[in-house]
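> my questions concern the predicted model and sequence given below.
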Amino acid sequence: MPSHTQDATRTNDIRMRAVRPLLTPALLQEWLPAPDAALALVEQSRAGIARVLHGEDDRLIAVVGPCSIHDHAQALEYAQRLKAEADALAGELLMVMRVYFEKPRTTVGWKGYINDPRMDGSYAINDGLQMARRLLLDVLALGLPVGTEFLDLLSPQFISDLVSWGAIGARTTESQSHRQLASGLSCPVGFKNGTDGGVKVAADAIVAAQAPHAFIGMTQMGQAAIFETRGNPDCHVILRGGKAPNYSAADVQAACQLLAQAGLREQVMIDCSHANSAKQHRRQIDVAADVAAQIAAGERRITGVMIESHLNEGRQDITPGQPLQHGVSVTDACLSWQQTAPVLRQLAEAVKARRKRGA
Ligand SMILES: O=C[C@H](O)[C@H](O)COP(=O)(O)O
Ligand SMILES: C=C(OP(=O)(O)O)C(=O)O
């Protein structure tokens, strides 16, 4: 035994400013339990998405909603509008609201509703987790399933029981930790292609995520533990563009060829935003029109679309002390609801046209 107490501060935590307490997933779930109806909706919608991915349902999965959530009431106002359209188009589109709480940044910036819910650098993460879970429950209560990006490796324990579809983003598709996480998630998961446009990393991610893994995580009680997963058979690629867009028929063909070579299902979701729209939000309309034309012409390998859409179009900066405009994105620019509804109807018509062709 050493005769002196070791000075742990000498080489440890030298760049830490603070370590604050975190509530546990179990506590949050006790405070905000999921009603039976919400759990039933999550179960049904996950199964519905899986049926589309396995070719047993010819509808198109449509993940539609704001680039990021920053306001509860505005997100619910959006959800009400989307729910009406989801019901009207339910025969053709399997609608999932994009409810993104975690934003991966290219360098720095606001990292989302969980990380900094007050958008003022106070990083009230315990509040953010509660606010996120509360919103998910409220959206589910409207009868709308929810999709989100899983960026943090521990936050899923707080909310993933309420999520029907998950995304791993372009900046994390190549990360072993995120692939392991996806292998244990209870919902279908889409992997974005890399920011450079590389689809191989997403195909590799699917291969990795469908395999079992063992890794370190945190339990519902907030304890570190070793998790052993079974593997996730419900993963797919999301084409989001890179150095160039990748939503054309030729891009879909190239991606599917690559998937086939890896022994994977030939199917893609197309993200109409990000590098496919060159971050020009209105270009999503043109991308969706091209995708609709491919589907109407009989393309069965496009099984989903993603659209970034809010109540009002464009984006705004977060400026301390300045009020924010109602229903306008604080991250990437979005289509307005008025611009979004016709795009959804066009996609639904394309699915009908594909059916008529017997494809
Ligand atoms: O979807 C949102 C953004 O494209 C992503 O978070 C990266 O944003 P940034 O390049 O503005 O940091
Ligand atoms: C960050 C996102 O996308 P990507 O990972 O494709 O940049 C997103 O969909 O919000």
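Sure thing, it's come through. Numbering: from 1, shown residues only. Ligands and ions are numbered 1, 2, ... in the order given.

> alpha carbons only for contacts and neighbour counts from here, please
OK.

> ok, and the closest non-adjacent residue to the single nearest residue of the stretch 51-200 of the chain relative to ligand 1?
Residue nearest to ligand 1 within the stretch 51-200 of the chain (C-alpha to the nearest ligand atom): residue 105, separated by 3.3 Å. In space, and not counting its chain neighbours, residue 105 is closest to residue 111: 7.0 Å by C-alpha to C-alpha, 6 or more residues apart in numbering.

> and that neighbour, what does it touch?
102, 103, 104, 105 (C-alpha atoms under 8 Å, 6 or more residues apart in numbering).

> tell me how many other residues crowd the last one.
So that's residue 105. 12 (other C-alpha atoms under 10 Å).

> what does the first one give?
Look at residue 102: counted by other C-alpha under 10 Å, it has 22 neighbours.

> excluding residues flanking it in the chain, which one is nearest it?
Per C-alpha to C-alpha, 6+ apart, closest to residue 102 is residue 112, 4.8 Å.

> which stretch of helix or strand covers the residue nearest to residue 105?
For residue 111, there is no helix or strand it lies in under DSSP states H and E.

> for it, what are phi and psi?
Main-chain dihedrals, residue 111, degrees, to the nearest 10: phi -100, psi 10.

> do stretch 335-355 and ligand 1 meet at all?
No - using C-alpha under 6 Å from any ligand atom, stretch 335-355 stays clear of ligand 1, coming no nearer than 13.5 Å.

> name the residues of that stretch that are buried.
By neighbour count on 16 or more other C-alpha atoms under 10 Å, the buried set for stretch 335-355 is 335-337, 339-340, 343-355.

> stretch 12-30 now?
24, 25, 26, 28, 29.

> average pLDDT across that stretch?
Averaged over stretch 12-30, pLDDT sits at 96.

> how far does that stretch sit from the chain's center?
Distance of stretch 12-30 from the chain centroid (C-alpha atoms, centre = their mean, to the nearest Å) equals 24 Å.

> now do the end-to-end distance for it.
End-to-end span of stretch 12-30 (C-alpha to C-alpha, to the nearest Å): 35 Å.

> can you list contacts of it?
Residues lying outside stretch 12-30 but in contact with it, judged by C-alpha under 8 Å, 6+ apart, are 125, 126, 130, 157, 158, 219, 220, 221, 222.

> report pLDDT for the residue nearest to residue 105.
98.

> roughly how far does it sit from residue 218?
21 Å.

> surely residue 99 meets residue 70?
No - using C-alpha atoms under 8 Å, residue 99 is not in contact with residue 70, being 10.0 Å away.

> ok so residue 327 is a strand residue?
No - per DSSP: H, G, I helix; E, B strand; the rest coil, residue 327 lies outside any strand segment and is coil.
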